[in-house]
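Asks: need a structure here:
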Amino acid sequence: MANKADMLWEDVLELEEAGERLEALDLCRRITRMEPDHAAAWKMTARMTLPAARRGVQDMPTLPQAASAYSALQNVVRLEPEDTESWALGGILLVDHLGMLEEALEWWQQRRQVNPEDVTPLIEQIAILVRLGMYSEASELLEIMFDSEMEQPDRKQLMNMDRVRQMVDKAAKMEKEEIFRPQNSKHPRWEIIGRMKTRKPLSETFFLFTFVAPIVFIIGTIAMSALGGSQYGFILVFLIILGLFMGVSRAGAGLLQKLNRHALDLERAIDVEATSAKICVPTEIRGSKLYNYTIGKRTEAFQDRHSRIIESDEIIDKKWSPELPDFSNTESWWGEAEESED
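Replies: Residues are numbered from 1 along each chain as shown. The predicted structure is shown next:
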């Protein structure tokens, strides 16, 4: 049987090179039925299930495609737990396309159990916790992420680490007085969202031109009048304007977030609906200008799954909270599985 699978695998590689994706996918499925531990075939199954990139742009998968690819990737990481590419793709599918944030937290926890010193799973878990408004848990993971015993991160990881650190800080400050829990239909933020339902969030570009640019222009004009009489003065004014732009932009980011809080709150409510598979958004808000804009930014697969949740019309319990993995437990799950198989 193994020889037959190996022969079919060679055909798969030829079909992939020729761009015959459906034929390659069919053979991969035959291989995994014959040899369930063929990790390469499972990974190819996930790749061939998802749409191909066209002109360097990746088409978005449908809900069945995203679910099928994720199922295949579960087998890949079970067999090849060090395959970081498959872990990353599985995380993207769970969060962006399926909206299953609880499962995504567990997915990355399993990756942590494979390599407890890897910072990437912590980055992903922290970002998810922030989306759910769980700042104390996110802060605990931040401490672990910056621990000296963690692997030395590369440049991209360092940037992502700083990004999630700022994300936790800004979000926690914005909700310092009250953290929005959309599962509570009596939460005061729902009334505010209702009043703002006809207003889309301000874009960064609009905010830049209406708030940041005027301040920089006024102060820059004053500086030019005072210092711009020489070549060195002109250079100094340029540096002042550049510093002002960066400083005012950074300072204004918090203001922009506060102005858009009604939209951020609604995004959390939609995340809660997607991960709990129950509804919490009031009827008068669903279908509004704000709601249509917010859900319209989500992927096709997410919208499809979310619409099915709405159709089920099952109301979320006000005491609902996401089921979190034991973040302190990084004992190997896959090593134990291999021992039990032996």
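
Asks: measure Asp265 to Leu25 for me?
Replies: Per C-beta to C-beta, to the nearest Å, Asp265 is found 41 Å from Leu25. In short, each C-beta sits where N, CA and C put it, glycine included.

Asks: need the nearest residue in space to the residue positioned nearest the centre of the chain, chain neighbours excluded.
Replies: The centroid of the chain falls nearest to Val95 when counting by C-alpha atoms, centre = their mean (5.4 Å). Leaving aside its chain neighbours, Val95 sits nearest to Ala104 (5.0 Å; criterion: C-beta to C-beta, 6 or more residues apart in numbering).

Asks: how many residues are close by the one you found?
Replies: Counted with other C-beta atoms under 10 Å, residues neighbouring Ala104 total 23.

Asks: and the residue nearest to Arg112 when sequence neighbours are not counted, what element?
Replies: Computed as C-beta to C-beta, 6+ apart, the closest residue to Arg112 that is not its neighbour in sequence is Pro121, at 4.6 Å. Assigned by DSSP states H and E, Pro121 belongs to helix 120-131.

Asks: pLDDT value on Gly229, please?
Replies: pLDDT recorded at Gly229 is 62.

Asks: equivalent analysis for Pro322, please.
Replies: 94.

Asks: could you find the closest non-adjacent residue to it?
Replies: With sequence-adjacent residues excluded and distances taken as C-beta to C-beta, 6+ apart, Pro322 is closest to Glu102, at 5.0 Å.

Asks: equivalent analysis for Pro188, please.
Replies: Spatial nearest neighbour of Pro188, excluding adjacent residues (C-beta to C-beta, 6+ apart): Glu178 at 7.2 Å.

Asks: show me the contacts for the closest residue to Ile128 other than its chain neighbours.
Replies: Once flanking residues are discounted, Ile128 sits nearest to Leu101: 5.2 Å by C-beta to C-beta, 6+ apart. Residues near Leu101 by C-beta atoms under 8 Å, 6 or more residues apart in numbering: 94-95, 128, 131-132, 271, 274-275, 322.

Asks: which one of these is nearest Arg111?
Replies: The shortest approach to Arg111 among the contacts of Leu101 belongs to Leu94, at 11.9 Å (C-beta to C-beta).

Asks: quick one: which helix or strand includes the residue nearest to the closest one when sequence neighbours are not counted?
Replies: Nearest-residue entry for Leu94: Ala104, 4.0 Å, with adjacent residues in sequence omitted and distances by C-beta to C-beta, 6+ apart. Secondary structure assignment for Ala104, by DSSP H and E: helix 101-114.

Asks: then that helix to CSV, C-alphas only?
Replies: Taking C-alpha atoms only, helix 101-114 is exported to CSV below (Å, rounded to 0.1, in the frame of the first residue of the first chain):
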residue,chain,number,x,y,z
LEU,A,101,-11.4,32.5,18.3
GLU,A,102,-11.7,29.9,21.1
GLU,A,103,-10.4,27.2,18.8
ALA,A,104,-7.6,29.6,17.6
LEU,A,105,-6.4,30.1,21.2
GLU,A,106,-6.3,26.3,21.7
TRP,A,107,-4.6,25.9,18.3
TRP,A,108,-1.7,28.2,19.3
GLN,A,109,-1.6,26.7,22.7
GLN,A,110,-0.8,23.4,21.1
ARG,A,111,1.9,25.0,19.1
ARG,A,112,3.4,26.4,22.4
GLN,A,113,3.4,22.8,23.7
VAL,A,114,5.5,21.9,20.7
